[in-house]
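> sequence-free structure coming up:
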């Protein structure tokens, strides 16, 4: 009996030892290994909040200037559309009918002047008219005398010498009439220039606007007597077109030709561009600044451009198509410019690039990218710190 119990105990101990040595099966599934990250790559998990702050855009081709001229510029009045108003005669200004800054039309009254020269012009016209009347009477008399002498000569009552004298007198009468009529026309033209009607003394001279435009200067007041008829009393400028003057460096003047198109950027209107045409290139160079004056004409029908506004001109000589990216997509890293190219959603690779000068807020990429690639344009600094 005792032997039977001992054999059963030994058997149980052996079975327990065998069960302890058997390997146990794992009841949980193995965890996947994280993907390997290459140098320069950044991987963000799909649930990362940083992905919401990162925006990517496709690299596109754009026209990039290869040679361009950029120089400071200033708006000026178009010298071909400026008129300085002067008095046609000396006299006293009785009325000033336009004020500084007014818009006037061609022929609009500007000044009213009382002048003794107006009465003198009227008197000259009347005298010339009287001379015409006298010359006509003399011509009629000389013609009658000639007819009578010829009749007498036909009946041999007078010598031929008398006929020649009568013909000469008639010729002189014709010449005198022509001169009197010319003097009358001249006097009448004088009245027309002054805007006066023949036959009425005491008229005031009305000075009218020679062109349509804005009054930029007024140098006269009512009651002033002016003797100098060469001094400008008002300045009128037609501002529907203005000029842009710029000092172009000597080394760049070869790129600009008369008639070419240039772009204008003004401090008053940032992020706007105005188109102008080169009208004049100076024949001499400024020896102090080593620049050449270039003037271009720009349309100003909107009236937004005003003389003395400052800005710059930009002239593009030639263009070539290159990949471009927004300026915010390029950052400085380890002494070089880099961008982050999106390989797949959440996977980005730092890529060195070589860029050119900015063009309209974009940077042309000379090397490192190709069209169609996607680069990070917002949130670049979030990736740089990873």
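Everything's here; your move. These numbers come from a predicted model, not from an experiment. Numbers count the residues shown, from 1 in each chain.

> quick one, what contacts the closest residue in space to residue 115 that isn't next to it in sequence?
Closest residue in space to residue 115, ignoring its immediate chain neighbours: residue 91 at 2.9 Å, by Cβ to Cβ, 6 or more residues apart in numbering. Using the backbone N, CA and C atoms, a C-beta is placed for each residue, glycine as well. Counting by Cβ atoms under 8 Å, 6 or more residues apart in numbering, residue 91 touches 113-118, 205, 225-226.

> would you turn these into a markdown table with neighbour count, secondary structure and pLDDT?
Shown next, in a markdown table, are the contacts of residue 91 (neighbours: other Cβ atoms under 10 Å; DSSP: H, G, I helix; E, B strand; the rest coil; pLDDT from 0 to 100):
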| residue | neighbour count | secondary structure | pLDDT |
| --- | --- | --- | --- |
| 113 | 24 | strand | 93 |
| 114 | 17 | strand | 92 |
| 115 | 21 | coil | 90 |
| 116 | 11 | helix | 89 |
| 117 | 17 | helix | 88 |
| 118 | 23 | helix | 87 |
| 205 | 22 | strand | 91 |
| 225 | 11 | strand | 94 |
| 226 | 18 | strand | 92 |
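
> if we can go back for a sec, the residue nearest to residue 115 bridge partners, please.
In this entry, residue 91 is beta-bridged to residue 226, by DSSP bridges.

> Show me where the protein has its helices.
Taking DSSP state H as the criterion, the chain carries its helices at 2-21, 116-154, 160-194, 380-384.

> Now the ones you listed in JSON lines, please, with extra columns for distance to residue 315.
Shown next, in JSON lines, are the helices of the chain (distance: least, Cβ to Cβ, whole Å):
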{"stretch": "helix 2-21", "distance to residue 315": "90"}
{"stretch": "helix 116-154", "distance to residue 315": "53"}
{"stretch": "helix 160-194", "distance to residue 315": "46"}
{"stretch": "helix 380-384", "distance to residue 315": "33"}
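
> Lowest average confidence across the ones you listed, which one?
Comparing mean pLDDT across the helices of the chain, the weakest is helix 2-21, with a mean of 44.

> Specify the beta-bridge partners of the residue nearest to the spatial centre of the chain.
Centrality entry for the chain: nearest residue to the mean C-alpha point is residue 298, 3.3 Å, by Cα atoms, centre = their mean. Bridge pairing for residue 298 (DSSP bridges) gives the partners residue 242, residue 276.

> Use 37 as the first number from now on
Done: numbering now begins at 37, and the last item shifts to residue 334.

> Tell me who's in contact with it.
So residue 334 contacts 277-280, 300, 310-313, 341 (Cβ under 8 Å, 6+ apart).

> with those in mind, which one is nearest to residue 251?
Set against residue 251, the nearest of the contacts of residue 334 by Cβ to Cβ is residue 278 (16.2 Å).

> My read is that the closest one contacts residue 111, right?
Yes: Residue 278 is within contact range of residue 111, at 5.4 Å (criterion: Cβ atoms under 8 Å).

> show me what contacts residue 239?
Counting by Cβ under 8 Å, 6+ apart, residue 239 makes contact with 154, 158, 232-233.

> And it, how far from residue 258?
To residue 258, residue 239 is 18 Å away according to Cβ to Cβ, to the nearest Å.

> sorry, back to before: name the residues contacting each of residue 278 and residue 111.
Contacts common to residue 278 and residue 111, judged by Cβ under 8 Å, 6+ apart, are 341, 343.

> Tell me how many other residues crowd the residue lying closest to residue 113 once chain neighbours are set aside.
Nearest non-adjacent residue to residue 113, counting by Cβ to Cβ, 6+ apart: residue 273, 4.7 Å away. Using other Cβ atoms under 10 Å, residue 273 has 20 neighbouring residues.

> For residue 273, which residues are in contact?
Residues near residue 273 by Cβ under 8 Å, 6+ apart: 113-114, 117-119, 249-250, 252, 343.

> how about those in JSON lines, adding neighbour count, distance to residue 81 and pLDDT?
Listed next are those as JSON lines, based on neighbours: other Cβ atoms under 10 Å; distance: Cβ to Cβ, whole Å; pLDDT from 0 to 100:
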{"residue": "113", "neighbour count": "20", "distance to residue 81": "65", "pLDDT": "94"}
{"residue": "114", "neighbour count": "20", "distance to residue 81": "64", "pLDDT": "93"}
{"residue": "117", "neighbour count": "17", "distance to residue 81": "68", "pLDDT": "92"}
{"residue": "118", "neighbour count": "15", "distance to residue 81": "70", "pLDDT": "94"}
{"residue": "119", "neighbour count": "17", "distance to residue 81": "75", "pLDDT": "94"}
{"residue": "249", "neighbour count": "23", "distance to residue 81": "69", "pLDDT": "93"}
{"residue": "250", "neighbour count": "18", "distance to residue 81": "66", "pLDDT": "93"}
{"residue": "252", "neighbour count": "16", "distance to residue 81": "68", "pLDDT": "92"}
{"residue": "343", "neighbour count": "14", "distance to residue 81": "61", "pLDDT": "92"}
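
> among those residues, which two are most distant?
Most distant of those, by Cβ to Cβ, are 119 and 343, 15.2 Å apart.

> For my notes, please list the contacts of residue 239 in JSON lines and give distance to residue 361 for each entry.
Output for these, formatted as JSON lines (distance: Cβ to Cβ, whole Å):
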{"residue": "154", "distance to residue 361": "74"}
{"residue": "158", "distance to residue 361": "79"}
{"residue": "232", "distance to residue 361": "73"}
{"residue": "233", "distance to residue 361": "75"}
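
> of those residues, buried ones?
Neighbour counting with 16 or more other Cβ atoms under 10 Å marks 154, 158, 232 as buried within the contacts of residue 239.

> Sort out which one of these lies nearest residue 199 for me.
Closest to residue 199 out of the buried ones among the contacts of residue 239 is residue 158 (43.3 Å), distances taken as Cβ to Cβ.

> Was I right to think the closest one contacts residue 236?
Yes: with contact defined as Cβ under 8 Å, residue 158 reaches residue 236; the gap is 7.3 Å.

> what's near enough to touch residue 241?
Applying Cβ under 8 Å, 6+ apart, the residues contacting residue 241 are 123-125, 127, 148-151, 154, 230-232.
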